[in-house]
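Asks: pasted the sequence and its predicted model underneath.
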Amino acid sequence: MRTGAPATTEAFPEGFWWYLAQHPDAGRVFNAAMQAKAQGAIAGILATYDFSGFRTIADIGGGHGHLLRAILDTVPTATGVLFELPHVIAEVAQLASERLTLHAGDFFRDALPTCDAYLLMEIIHDWGDEESVAILRAVRQAAAAPGAKVLVIEAIIPDDPGPAWAKMLDIHMLMLLGGRQRPAGVRGAPLPGGLRAAAGHRHGGGGCDPRGGGGVGRATVRHHGRRRGRSSSDSESTPPVRAGRR
C-alpha cells in the first residue's frame with residue numbers, strides 16, 4: 001500500500017517468475033499446483049466451447065500443456081503449439097510429437113507462433129493493464145488471418161456486491177504480481193491490441209466460487225494492414241519483464 005508495487009518485489013527484485021526459473025525445486029512445486037488447479041477446469045472448458053473449427057491452436061504460457069493436450073485429444077484434426085519459457089519447455093520435452101510443437105520463448109520479447117486460435121488460460125490476470133495490452137498485441141501480430149480467435153480463460157469478477165472467489169483472487173494477484181481479475185467484457189466492444197470481444201461463456205469447472213467458476217471470453221482478431229513482428233515503437237513500450245505462468 002505504501003509503494004503500489006507487488007509485495008514480492010521486496011523479496012524478489014528480479015521478479016516472481018525469475019525466482020521460479022532460478023529455483024527449480026520451487027518451480028516444480030508451483031507448476032504441480034497450477035496443473036492440479038487447472039485440471040479441475042478442463043472438463044468444463046471442453047463442455048463449454050467447441051474447438052473443432054480450428055486447425056492450429058497455440059497455448060500461450062500453457063505450463064505443461066494439460067489444457068492443450070486435452071483439446072487435441074478431443075479434436076483429432078487439429079495441431080497444437082505450446083509456448084512457454086525455455087526452462088518449462090525443457091521440463092516437457094517428451095511431449096513433442098507430430099501434432100504438438102514445443103516453442104520456447106518470452107511473450108514480451110519473442111514472436112508468438114502463427115495459429116488460428118490462441119489460449120490464454122489465467123495469463124492476463126498475472127499482469128497489470130499495460131502488460132496485458134502488450135500480450136494481446138503480440139497475439140494480434142502473430143495471428144494467421146483476420147478472424148483468428150483468442151480465448152481468454154479467467155475467473156470473472158461478478159457484478160453483484162457479495163463475496164466471491166474471484167474477488168479474493170483479485171487481492172492475491174495484486175499482492176503477488178501486480179495483476180488483477182477483471183469483469184466480463186461487452187460483446188462487440190473493441191479491446192486493446194486490435195481485438196474485438198466476440199462472446200463470453202461461463203464454465204462450471206475450476207475455482208472455488210460456488211456460483212459458477214470461471215469464464216471463457218472469446219475475442220476476434222481485427223487486422224488493419226496486417227503486420228508481422230513488432231515495430232520499434234512496440235519494442236520501446238514493451239515492459240522489461242519475463243513471461244508468466246499460470
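Replies: Looks like it arrived, so ask away. All values derive from a computational prediction rather than experimental measurement. Numbering: from 1, shown residues only.
Asks: who's in contact with residue 68?
Replies: By C-beta atoms under 8 Å, 6 or more residues apart in numbering, the contact set of residue 68 is 57, 59, 62, 80, 82, 100, 119. For the C-beta atoms, the positions are set from N, CA and C on the backbone; glycine is no exception.
Asks: now the first one: closest residue in space that isn't a chain neighbour?
Replies: It stands for residue 57. Of all residues not flanking residue 57 in the chain, residue 117 sits nearest, at 4.6 Å (C-beta to C-beta, 6 or more residues apart in numbering).
Asks: wait, that neighbour sits on residue 52?
Replies: No - with contacts counted by C-beta atoms under 8 Å, residue 117 stays clear of residue 52, the gap being 11.0 Å.
Asks: so between these two, which is more surrounded?
Replies: The neighbour comparison of residue 117 against residue 52 (other C-beta atoms under 10 Å) goes to residue 117, with 22 against 11.
Asks: how far away is the more buried one from residue 53?
Replies: 8 Å (C-beta to C-beta, to the nearest Å).
Asks: cool, and residue 127?
Replies: As judged by C-beta to C-beta, residue 127 and residue 53 stand 29 Å apart.
Asks: between these two, which one's more packed in?
Replies: Per other C-beta under 10 Å, whichever of residue 127 and residue 53 has more neighbours is residue 127, with 22 against 11.
Asks: quick one: contacts for the nearest residue to the more buried one once chain neighbours are set aside?
Replies: Leaving out its chain neighbours, the residue that sits closest to residue 127 by C-beta to C-beta, 6+ apart is residue 179, at 5.0 Å. By C-beta under 8 Å, 6+ apart, the residues touching residue 179 are 124, 125, 126, 127, 128, 173.
Asks: please pick the buried ones from those residues.
Replies: Buried by 16 or more other C-beta atoms under 10 Å: 124, 125, 126, 127, 173, out of the contacts of residue 179.
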